[in-house]
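> Here you go, sequence then predicted model.
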Amino acid sequence: MKIVIYGANELAGIIAAKLFEDHDIIIIDEDTSKRHSFEKLDLEFVIGSGANINVLESVGIKTADIFIACTDNDEANIVACLTVTNMAKLKTLCVVSKKDNVESLSLVRGSKYQKELLIDYVLWPEELMTQEIFRIITVPNAIDVENFANGKARLLEYRIDDETKFINKKVKDCSFPDETLIVGITRENKLFIPNGETELLLNDKVIFMGSSYSLDILANRFFQDTSGVKQVTIIGGGNVGLMLAQNLEKANMKIKLIENDYKRCVELTENLKHTLVLNGDGANYDLLESERIGESDVVVSVTNNDEKNLLCSLLAKHLGVPKVISRVYKNANSSLFEKVGIDVAISQNGAAIDDIENHLIKTDIEILATVERGQGEVLEISVPFNFKTEMIMNLKLPVKAIIAIIQRRNRVIIPRGTTQVMPSDNLIIFTTQENSDSIKEYFKRC
């Protein structure tokens with residue numbers, strides 16, 4: 001595919017790095033100094049505006065398949081997408097950062113005010129990140145949560161600490177609930193797929209997949225906490241802070257929200273019914289201590305600055321908060337945050353990549369989720385109708401991968417080695433990023 005991207009920011013860099021090997025990528029940006037960030041990638045960099053007709057003609061927009069507008073300016077993205085739509089027939093994706101623009105652009109999706117579709121997909125990365133944070137908060141002690149099969153199956157990731165009951169045990173010796181599989185382990189920042197002989201060590205991050213019911217049992221039996229999360233403190237009252245507080249209110253949690261800007265505090269108070277809004281600096285230790293933030297079950301720092309989020313998160317950990325989640329703007333900072341003790345570091349750009357692939361670069365194989373900053377992938381693969389029925393243990397997969405879930409009509413099956421894979425099954429498979437293409441090719445050949 002030929003993909004034209006307007007905006008040479010970090011999101012564009014992540015998209016380009018992920019797709020340039022299989023697709024023809026062209027980056028457009030007015031700032032010549034940004035060119036050097038893309039020099040290591042085999043792509044074309046064009047100086048100019050993605051809304052300029054001459055620039056778009058020069059990159060051959062009429063022969064392109066996809067146009068992505070992802071600058072840091074909503075209006076520029078919108079104008080660029082509308083310009084491209086009038087010049088060529090291709091898929092368009094518009095990245096926005098303001099709720100008002102999301103609501104206005106929803107008109108392009110078939111409302112009575114629009115006769116035709118003008119923009120194919122509107123992406124608000126902050127909303128995706130908010131949903132991810134909410135999922136993690138609502139599952140005690142988990143550091144990643146994904147739902148599959150309409151909520152009937154899940155992925156949960158936990159970090160092993162001194163109190164974990166199966167520390168230093170082999171996988172085969174752990175009495176995990178039925179319908180529960182360990183599909184991946186991250187050790188010293190490297191993800192791998194374990195076997196029964198793999199020993200579970202301190203600080204390992206272990207990825208489980210299985211039925212939602214079995215993973216609930218797992219959480220209660222091994223990772224405590226039957227009481228659940230009751231009190232959450234949010235530092236930062238921007239879009240993410242507000243949306244997260246609104247979602248948590250619906251879950252009947254006790255919420256404190258700290259925001260430094262007084263006018264914004266007034267707006268937050270008007271939009272939140274059951275949240276205590278505090279005007280102050282979330283990096284002020286005396287404020288955190290006087291407001292007894294250490295009694296929170298979870299603290300989430302979502303200001304618009306990585307350094308501030310890191311400081312607020314470290315202060316929360318010092319006060320004894322058991323679970324701290326931090327927003328990260330620069331993707332490269334995620335591992336640094338976790339190295340210094342932050343439980344979960346989430347990048348809004350990372351949350352956006354799966355959506356972009358699945359909505360615009362659709363194939364018979366869909367990436368349902370990525371984990372550990374893209375090291376692992378959860379794939380959904382439809383088994384061809386002419387596939388010969390075979391037990392999982394007899395499948396000759398070319399690389400390491402785990403068939404974690406089988407969807408067969410209305411049934412959700414957590415398979416064993418003797419479970420049969422049948423034609424037209426939908427398989428949810430966990431594998432590492434480097435092995436993903438081999439698994440896709442295997443089922444395409446079947």
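Yep, that arrived. Residues are numbered from 1 along each chain as shown.
> tell me, what residue is most central in the chain?
Within the chain, one residue has its C-alpha closest to the average C-alpha position: by Cα atoms, centre = their mean, that is residue 351, at 3.2 Å.
> And the helices in this protein, which stretches?
10-19, 53-58, 74-87, 99-105, 125-137, 212-222, 239-250, 262-271, 285-290, 306-318, 333-339, 348-360, 433-445 (DSSP state H).
> Name the spans of the stretch 101-250 of the chain whose pLDDT lies under the cut-off.
Along the stretch 101-250 of the chain, the model assigns pLDDT under 70 to residues 106-117, 224-227.
> gap between the nearest residue to the residue nearest to the centre of the chain once chain neighbours are set aside and residue 416?
With Cβ to Cβ, 6 or more residues apart in numbering as the measure, residue 128 is the residue that lies nearest to residue 351, at 4.1 Å, once sequence neighbours are left out. To be clear about C-beta, it is placed using only N, CA and C from the backbone, and glycine gets the same treatment. Residue 128 sits 34 Å away from residue 416, going by Cβ to Cβ, to the nearest Å.
> quick one, which of those two is more surrounded?
The residue with more neighbours, out of residue 128 and residue 416 and counting by other Cβ atoms under 10 Å, is residue 128; that gives 19 against 12.
> doesn't residue 350 make contact with the more buried one?
No - proximity of residue 128 to residue 350 does not meet the contact threshold set by Cβ atoms under 8 Å, at 9.4 Å.
> Pull the number of nearby residues for the residue lying closest to residue 41 once chain neighbours are set aside.
Of all residues beyond its chain neighbours, the one nearest residue 41 is residue 20 (5.0 Å), with distances taken as Cβ to Cβ, 6+ apart. For residue 20, the tally of surrounding residues (other Cβ under 10 Å) stands at 17.
> contacting residues for residue 20?
If you count contacts by Cβ atoms under 8 Å, 6 or more residues apart in numbering, residue 20 has them with 41, 42, 43.
> How confident was the prediction at residue 99?
pLDDT recorded at residue 99 is 81.
> ok, now which ones touch it?
If a contact means Cβ under 8 Å, 6+ apart, then residue 99 has 124, 239 as its contacts.
> try it again with 6 Å
With contacts defined as Cβ atoms under 6 Å, 6 or more residues apart in numbering, residue 99 is in contact with no residue.
> how much space is there between it and residue 300?
19 Å.
> Scan the contacts of residue 20 and report the most crowded one.
Within the contacts of residue 20, neighbour counts (other Cβ under 10 Å) peak at residue 43, which reaches 18 neighbours.
> Chain neighbours aside, what residue packs nearest to that one?
If the residues on either side of it in the chain are set aside, residue 43 comes closest to residue 25, at 3.9 Å by Cβ to Cβ, 6+ apart.
> Just give me the neighbour total for the one you found.
Applying the criterion other Cβ under 10 Å, we find 25 residues in the vicinity of residue 25.
> ditto for residue 197
Residue neighbour count, defined by other Cβ under 10 Å, stands at 9 for residue 197.
> Just give the closest residue to residue 209, not the sequence neighbours.
Beyond its immediate neighbours in the sequence, the residue positioned closest to residue 209 (Cβ to Cβ, 6+ apart) is residue 404, lying 3.9 Å away.
> same deal with residue 416?
In space, and not counting its chain neighbours, residue 416 is closest to residue 392: 7.4 Å by Cβ to Cβ, 6+ apart.
> Could you pull up the contacting residues of that neighbour?
403, 415, 417, 419.
> per the record, what domains does this protein have?
Domain assignment for the chain, taken from automatic domain parsing, gives 2-123, 129-222, 231-350, 364-445.
> got a list of what residue 24 touches?
Counting by Cβ under 6 Å, 6+ apart, the residues that residue 24 touches are residue 2.
> And it, how close does it get to residue 314?
Between residue 24 and residue 314 the computed distance is 44 Å (Cβ to Cβ).
> Same question for residue 149.
In this view, residue 149 and residue 314 are 38 Å apart by Cβ to Cβ.
> next one: residue 416
44 Å.
> repeat for residue 385
For residue 385, the distance to residue 314 under the criterion Cβ to Cβ works out to 55 Å.
> more crowded one of the two?
More neighbours surround residue 314 than the other of residue 385 and residue 314, with 18 against 7 (other Cβ under 10 Å).
> check contacts around the more buried one.
With the criterion set at Cβ under 6 Å, 6+ apart, residue 314 makes contact with nothing.
> what's the most distant pair in the contacts of residue 392?
In terms of Cβ to Cβ, the contacts of residue 392 reach their longest pairwise distance at 403 and 417, which sit 9.9 Å apart.
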